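1. sequence and predicted structure are below.
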Amino acid sequence: MSWTILKNPAAQIGIAAVAGVIFGLAVGEWAANLQFVGDMFIRLIQMSIVPLVMASVIVATGSMTGSGTGRIAFRTFKWMIGFSVVAALLAYGLSVLIKPGMGMVFTGELDSDLESDADAALGWQDTLLEFVSKNIFEAMASATMVPIIIFSLLFGIALRQHISRTGNDSVLSFVDQIQQIVLTMIRLVMYIAPIGVFCLLASLAGDVGFGVVTTAVKYLGTTLIGVLLLFVLFVGVVTVRTRLSPWKLPSKLAEQTAIAVTTTSSAVTFPTVLKNTVEKVGVSQKIANFTLSVGLTMGSYGAVLNYMIVVMFLAQAGNVQLSVGAIVLGMCLAILLNMGTITVPGGFPVVAMFLATSLDLPFEAVGLLIAVDWFAGIFRTFLNVNGDTFVAMLVANADDEIDREVYNGHKTVTADTVDIEEYSDTFAKADAAD
């Protein structure tokens, strides 16, 4: 059994992280000699981000067919977007209050652009103008992510129109193959993640000392507090809107919560969530099928919260004063990552590097975030999974599609069997958010 656990990539990274901190604390400043290995690991991830983001956004927008419209879709998206915005705002507020990145301040030279104060920031017109590049290849070379995303969105929309007009999807298939190849590259890079994380954390621990441990605890603590507050908010909104007893929810959510926190996978938990939402909560099969399947990739509220905390953590760790525009952009990117407009598969390391690159933040502390991401993943998945059930309840309540006798335990219904193959692509995207 122990050997099986050691084969788990998350376990390997966790062991390497602990070993790196212990080694760095033991040898002190000498551990800085290992920094270049960690930097090489980070660069290997960085070099894949631009082609991955471009291919992912083009494929996501180019594949849109306009399905899923109607009243149910509108209500589903309304609640999902609303809760995502609240999650981003809460993450910002908690990060300002708790300051999870403080104590990890890096004294190395930063880009001159990063040292500018918020007062010296561009006006809003100039900021918006910078979202569009005069030369997309220049933007790609400098990894200026927002213009790259804008270009990719327009390219994807134009590609969708081309496919609709000609029926020829060869370009979409080509870009999709590029995406798959880049993902394979990232998987190859992740084989050396334990070595990279060991070296990064050894260097950090040698430089910062025991502050590495306390900072990791503050980061996880900020994420956990945010998840619990959002969960309470969900329960409160559901209680007010549906007039159903909140005291009956724990027993209805217990099974899916147990699976979510032990597997850290929304995809693995999905069949149980669908079954419980219909059989225990009383949501109609029609509403559950649509809302929960959309929620797999668009209802990752724990991810939105965590991504925004990552933005603030990196800014605080690099002693970077974010302008109002940069904070809003960070929130938008966190929400867009969740909503599926920007599909960045490959797991948390890629997401963290994407956010750092997009906002021009120092990424020396990314190794620490990767090291403790298994714990953060538990928190994210807990909220992602149960948040989907709550949204399904809110959508169903508006159309009187909740069977209150089922919710109160006076009636029994059976949910339809889930076709796992039907959701295979969605499962992959959901796991990327977890």
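-> Right, received. Where do you want to start? Numbers count the residues shown, from 1 in each chain.
2. any low-confidence regions in the stretch 251-400 of the chain?
-> 263, 297, 340-347 (pLDDT under 70).
3. which residues of it fall in helices?
-> 266-279, 285-298, 301-317, 324-339, 348-358, 366-371, 373-398 (DSSP state H, counting those that start in this stretch).
4. can you lay out the ones you listed as TSV showing mean neighbour count and distance to I178?
-> To be clear about C-beta, it is placed using only N, CA and C from the backbone, and glycine gets the same treatment. Below are the helices of the stretch 251-400 of the chain laid out as TSV (neighbours: other CB atoms under 10 Å; distance: least, CB to CB, whole Å):
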stretch	mean neighbour count	distance to I178
helix 266-279	23	24
helix 285-298	22	21
helix 301-317	28	25
helix 324-339	20	20
helix 348-358	23	15
helix 366-371	27	25
helix 373-398	25	27
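5. may I see these organised as TSV, with distance to K248 added?
-> Output for those, formatted as TSV (distance: least, CB to CB, whole Å):
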stretch	distance to K248
helix 266-279	13
helix 285-298	18
helix 301-317	22
helix 324-339	29
helix 348-358	34
helix 366-371	37
helix 373-398	12
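6. closest one to F77 among those helices?
-> helix 285-298 (7.6 Å; CB to CB).
7. which helices and strands does that closest one pack with?
-> helix 71-98, helix 266-279, helix 373-398, helix 424-433 (3 or more CB pairs under 8 Å, 6 or more residues apart in numbering; DSSP states H and E).
8. between it and helix 373-398, how many degrees?
-> Counting by axes from the mean of the first three to the mean of the last three CA atoms, to 10 degrees, helix 285-298 lies at 150 degrees to helix 373-398.
9. sorry, back to before: let me know which of the helices and strands packed on helix 285-298 is the nearest to P51.
-> Judging those by CB to CB, what sits closest to P51 is helix 424-433, at 16.5 Å.
10. picking up where we left off before, reformat the helices and strands packed on helix 285-298 as JSON lines; add distance to I136.
-> As requested, these are arranged in JSON lines below (distance: least, CB to CB, whole Å):
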{"stretch": "helix 71-98", "distance to I136": "28"}
{"stretch": "helix 266-279", "distance to I136": "34"}
{"stretch": "helix 373-398", "distance to I136": "32"}
{"stretch": "helix 424-433", "distance to I136": "25"}
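11. which one of these lies nearest to G325?
-> helix 71-98 (13.6 Å).
12. for the closest one, packing partners?
-> helix 211-242, helix 285-298, helix 301-317, helix 324-339, helix 373-398.
13. I'd like those laid out as JSON lines, including distance to V21.
-> Compiled in JSON lines, the helices and strands packed on helix 71-98 are given as follows (distance: least, CB to CB, whole Å):
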{"stretch": "helix 211-242", "distance to V21": "6"}
{"stretch": "helix 285-298", "distance to V21": "34"}
{"stretch": "helix 301-317", "distance to V21": "16"}
{"stretch": "helix 324-339", "distance to V21": "28"}
{"stretch": "helix 373-398", "distance to V21": "15"}
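14. among those, which is nearest D39?
-> The nearest among the helices and strands packed on helix 71-98, by CB to CB, is helix 301-317 at 15.7 Å.
15. L25 is nearest to which of the helices of the stretch 251-400 of the chain?
-> Within these, the stretch nearest L25 is helix 366-371; the backing value is 13.9 Å (CB to CB).
16. for the helices of the stretch 251-400 of the chain, which one sits closest to F234?
-> Proximity to F234 (CB to CB) singles out helix 373-398 among the helices of the stretch 251-400 of the chain, at 4.5 Å.
17. about what we covered before: which one of the helices of the stretch 251-400 of the chain lies nearest to T414?
-> helix 266-279 (6.6 Å).
18. and the angle from the closest one to helix 285-298?
-> Using the same axes, to 10 degrees: helix 266-279 against helix 285-298 is 160 degrees.
19. just to revisit the earlier point, nearest to G156, out of the helices and strands packed on helix 71-98?
-> helix 324-339 (13.6 Å).
20. now I402: phi and psi?
-> phi -110, psi 120 (degrees, to the nearest 10).
21. again, but for H410
-> Here the main-chain torsion angles of H410 (degrees, to the nearest 10) amount to phi -100, psi 0.
22. can you report how many residues neighbour it?
-> Counted by other CB atoms under 10 Å, the residues lying close to H410 total 9.
23. repeat that for W30.
-> The number of residues near W30, taken as other CB under 10 Å, comes to 13.
24. residues in contact with it?
-> G206 (CB atoms under 8 Å, 6 or more residues apart in numbering).
25. correct me, but L383 touches V232?
-> No - L383 is beyond contact range of V232, at 11.0 Å (criterion: CB atoms under 8 Å).
26. out of the helices and strands packed on helix 71-98, which comes closest to A141?
-> Per CB to CB, nearest to A141 of these: helix 324-339, 20.7 Å.
27. which other helices and strands does the closest one contact?
-> Against helix 324-339 (3+ CB pairs under 8 Å, 6+ apart) you get helix 71-98, helix 301-317, helix 348-358.
28. CSV for those, including distance to L44?
-> Below are the helices and strands packed on helix 324-339 laid out as CSV (distance: least, CB to CB, whole Å):
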stretch, distance to L44
helix 71-98, 28
helix 301-317, 19
helix 348-358, 10
